[in-house]
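Everything below, folded, please.
(2 chains)
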Protein chains: 2
Amino acid sequence: MKVVELAGGVGGAKLAEGLAAHVGADLTVVVNTGDDLELHGLSIWPDHDTVAYTLAGVDDEVRGWGLRDETWTVMEGLSALGDTSWFRLGDRDLATHLWRTDRLRTGARPTDVALELGAALRIGSTILPMTDEPVRTEVLTDDGWLEFQEYFVRRHQEPEVREVRFRGIEAARPTPEVLAAIDAADAIVIAPSNPIVSIGPILAVPGMASALAAARERGVPVVAVSGIIGGKALKGPADRMLTSLGHESSALGVARLYAGLATAFVVDAADADATSSIARLGVRPVVADTIMSDDAARARVAGEVLRAAGATVA
Amino acid sequence: MKVVELAGGVGGAKLAEGLAAHVGADLTVVVNTGDDLELHGLSIWPDHDTVAYTLAGVDDEVRGWGLRDETWTVMEGLSALGDTSWFRLGDRDLATHLWRTDRLRTGARPTDVALELGAALRIGSTILPMTDEPVRTEVLTDDGWLEFQEYFVRRHQEPEVREVRFRGIEAARPTPEVLAAIDAADAIVIAPSNPIVSIGPILAVPGMASALAAARERGVPVVAVSGIIGGKALKGPADRMLTSLGHESSALGVARLYAGLATAFVVDAADADATSSIARLGVRPVVADTIMSDDAARARVAGEVLRAAGATVA
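Got it, this is the predicted structure:
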């Protein structure tokens, strides 16, 4: 069963790990690139790397980003030079950024670089940037427009988000690899990532929504998973962001955003009472325990998702 | 006594340390930038950094380059990604390159970046790049033209050097800071660095030779130190390079290269028999023990150099 997962960072990575346990090489993860940034001249891809490190089994689960057993010598050196960087980069992680920046500098497409990195990390599944064109998510706060990582990391997601924009999105296109994966997919999965700033940019790439709509018209199931449980985001600012942007911070609120695209919507058992409202949106509700605390739970949630997509899962 | 030293890497750094012990803040080291390179998108300045780390007292004297107590985590990570870099970069050293590349990227002049780095490393003397324009030393070998570090590091200086060129030199100019330092100098010192590829690029910057000639005409002593002792280079390929380029690999051979510029030439006691030939070039020979094996020796050799420049050294 060929599965395409649209994913942001941590939530997307956990579900990807679960899906990979079921379908392995038949999994293609299309990752948000709107969070990407340039720092110290290096091309840094936070969502991609979280998914890649997780699928490679080298992620730091406690910290929630970066690599396990990381050291921080370069950061200490930068700090001694008076550098006041708020974005932390581990030594081993820096190797990824240096290597990637080098490859991009020689003219390689981001997609090629992602595929090469996947091979180097011996990842059995495929990770694809949503687009090869630069897209940068920015949020409007009471302090003006902030680049996403400025808001997310430097300002600890504290400012209220009044508006979101994806700089460069007009010129972006899904890559041939992304279109081919969607075209070949037996199921599309939308990860329990932030619907506004993780899944939002992917869906906003011109040509992406129509490719997904065409898949749905062909009968391909599109299963979304709620990242909001009991009104709260498990991680990150999705709940406050939904509210400040005029949505409802609830599984139903997220289901409304995906109505018309998703054929099924997986909500946590805590939100079982939302199923009739979700059904009225024309989306089939599926209730499951969606907390992905360990490998077994990830595989179990992924199994529920695949079952919701019509697969027979052991 | 204001001293300007023209310097390459290790030999220049050792003499700079000795000179700094005598004149401290009155020392300005003008460093060769022809060895600079871009690697992983980072701006790497080997000669500058060797001088800077040495003057900051943080250099690795055993290895002869880079920082003491260095770790290599990033390199190991790059290696795991299939990177085959032949230029080794320590973790702490990388902080310097990242910081510098960042500053250059924002439009700072190399000179400003060098001054800022000097301040951050609490170096009492001043280090100036010979020029702010990019100059790249290349050597012609039987395998064609090689970039300098390709020849020096990757090929271990094994190929014979048939010709040397300084790419970009026509568009280079001495910086205002270099010209001001030469203008204010009470003595010019030419380090025992490779006369072809370390001192050569500095002297080849259009406007540099005339600035030095003007200083000499004003009566400023110009003291060069031989990096060749008993026909051999203490370090590096200067001896073979002199020979293959048609010069003599000897203190006298080096003196010939500096005749017309140097007013005095310091040779090692091992080359005392060359003094009359050197004198015939119109250069005053000075015989001294020039081996700079430890801090005391560096200060002693620097004292001899300053004495040759007419200073009263305790």
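
mind listing the strands for the stretch 201-314 of chain A?
When assigned using DSSP state E, counting those that start in this stretch, the strands of the stretch 201-314 of chain A occupy the ranges A:222-225, A:228-229, A:232-233, A:264-268, A:284-288.

Residue numbers of chain A in contact with chain B?
A:40-42, A:71, A:73-78, A:80-83, A:91-96, A:98-99, A:101-102, A:105, A:117, A:120 (CB under 8 Å from any CB of the partner chain). Placement of C-beta: from N, CA and C, glycine included.

Which among these count as buried?
By neighbour count, with 16 or more other CB atoms under 10 Å in any protein chain shown, the residues of chain A next to chain B hold A:40-42, A:71, A:73-75, A:77-78, A:81, A:83, A:91-96, A:98-99, A:101-102, A:117, A:120 as buried.

Inside helices: which ones of the residues of chain A next to chain B?
Using DSSP state H, A:73-78, A:80, A:91-96, A:98-99, A:101-102, A:105, A:117, A:120 are the members of the residues of chain A next to chain B that sit in helices.

residue boundaries of the helices in the stretch 101-250 of chain A?
Remark: helices assigned in the stretch 101-250 of chain A by DSSP state H, counting those that start in this stretch are A:110-120, A:148-149, A:176-184, A:199-204, A:208-217, A:238-244.

Put together TSV for these, with distance to residue B:141 on each row.
Shown next, in TSV, are the helices of the stretch 101-250 of chain A (distance: least, CB to CB, whole Å):
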stretch	distance to residue B:141
helix A:110-120	32
helix A:148-149	46
helix A:176-184	42
helix A:199-204	50
helix A:208-217	52
helix A:238-244	60
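
Deepest in the core, which of those helices is it.
helix A:199-204 (a mean of 24; mean count of other CB atoms under 10 Å in any protein chain shown).

Test my guess that residue A:68 contacts residue A:60.
Yes: the pair residue A:68 and residue A:60 passes the contact test of CB atoms under 8 Å, sitting 4.7 Å apart.

got a list of what residue A:161 touches?
Residue A:161 makes contacts with A:139, A:140, A:141, A:151, A:196, A:237, A:240, A:241, A:244, A:245, as judged by CB atoms under 8 Å, 6 or more residues apart in numbering or on different chains.

cool, and residue A:257?
Here residue A:257 is in contact with A:195, A:247 (CB under 8 Å, 6+ apart).

switch the cut-off to 10 Å
Shown in contact with residue A:257 (CB atoms under 10 Å, 6 or more residues apart in numbering or on different chains): A:190, A:195, A:196, A:199, A:200, A:203, A:224, A:242, A:247, A:248.

nearest to residue A:173, of these?
Distance to residue A:173 across these (CB to CB) is lowest for residue A:203, with 13.7 Å.

joint contacts of residue A:68 and residue A:60?
Shared contacts of residue A:68 and residue A:60 (CB under 10 Å, 6+ apart): A:53, A:90.

In chain A, where is pLDDT below threshold?
A:314 (pLDDT under 70).

what's the closest of the helices of the stretch 101-250 of chain A to residue B:158?
Closest to residue B:158 of the helices of the stretch 101-250 of chain A, according to CB to CB: helix A:110-120, at 31.0 Å.

How far away from the center of its chain is the closest one?
In terms of CA atoms, centre = their mean, to the nearest Å, the gap separating the centre of helix A:110-120 from the centre of its chain is 17 Å.

and if you look at stretch A:158-172?
With CA atoms, centre = their mean, you get 16 Å for stretch A:158-172.

Residue A:54 - how many residues pack around it?
Each residue near residue A:54 was counted by other CB atoms under 10 Å in any protein chain shown, and the total is 24.

could you check the angle helix A:110-120 makes with the helix or strand it falls within?
Assigned by DSSP states H and E, residue A:54 belongs to helix A:46-56. Here the directions of helix A:46-56 and helix A:110-120 differ by 20 degrees (axes from the mean of the first three to the mean of the last three CA atoms, to 10 degrees).

which strands and helices sit next to helix A:46-56?
Applying 3 or more CB pairs under 10 Å, 6 or more residues apart in numbering or on different chains; DSSP states H and E, we find helix A:46-56 packed against strand A:3-7, helix A:10-23, strand A:27-31, helix A:91-105, helix A:110-120, strand A:126-129.

Output these in a markdown table; the columns should cover distance to residue A:300.
Output for the helices and strands packed on helix A:46-56, formatted as a markdown table (distance: least, CB to CB, whole Å):
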| stretch | distance to residue A:300 |
| --- | --- |
| strand A:3-7 | 16 |
| helix A:10-23 | 7 |
| strand A:27-31 | 16 |
| helix A:91-105 | 30 |
| helix A:110-120 | 25 |
| strand A:126-129 | 22 |
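
Those: which one's closest to residue B:50?
Across these, closest to residue B:50 is helix A:91-105 (CB to CB), at 21.9 Å.

Which parts of stretch A:20-32 count as buried, going by neighbours?
A:20, A:21, A:22, A:23, A:26, A:27, A:28, A:29, A:30, A:31, A:32.

from the stretch 151-300 of chain A, which residue is nearest to chain B?
Minimum separation of the stretch 151-300 of chain A from chain B (CB to the nearest CB) falls at residue A:154, amounting to 16.2 Å.

That residue contacts residue A:146, doesn't it?
Yes: in this structure residue A:154 lies within contact range of residue A:146 using CB atoms under 10 Å: 8.3 Å.

Touching, residue A:37 and residue A:45? I think so.
Yes: between residue A:37 and residue A:45 there is a contact at 8.6 Å, judged by CB under 10 Å.

okay, these two: which has more neighbours?
Each of residue A:37 and residue A:45 has its neighbours counted (other CB under 10 Å); residue A:45 has more, 24 against 17.
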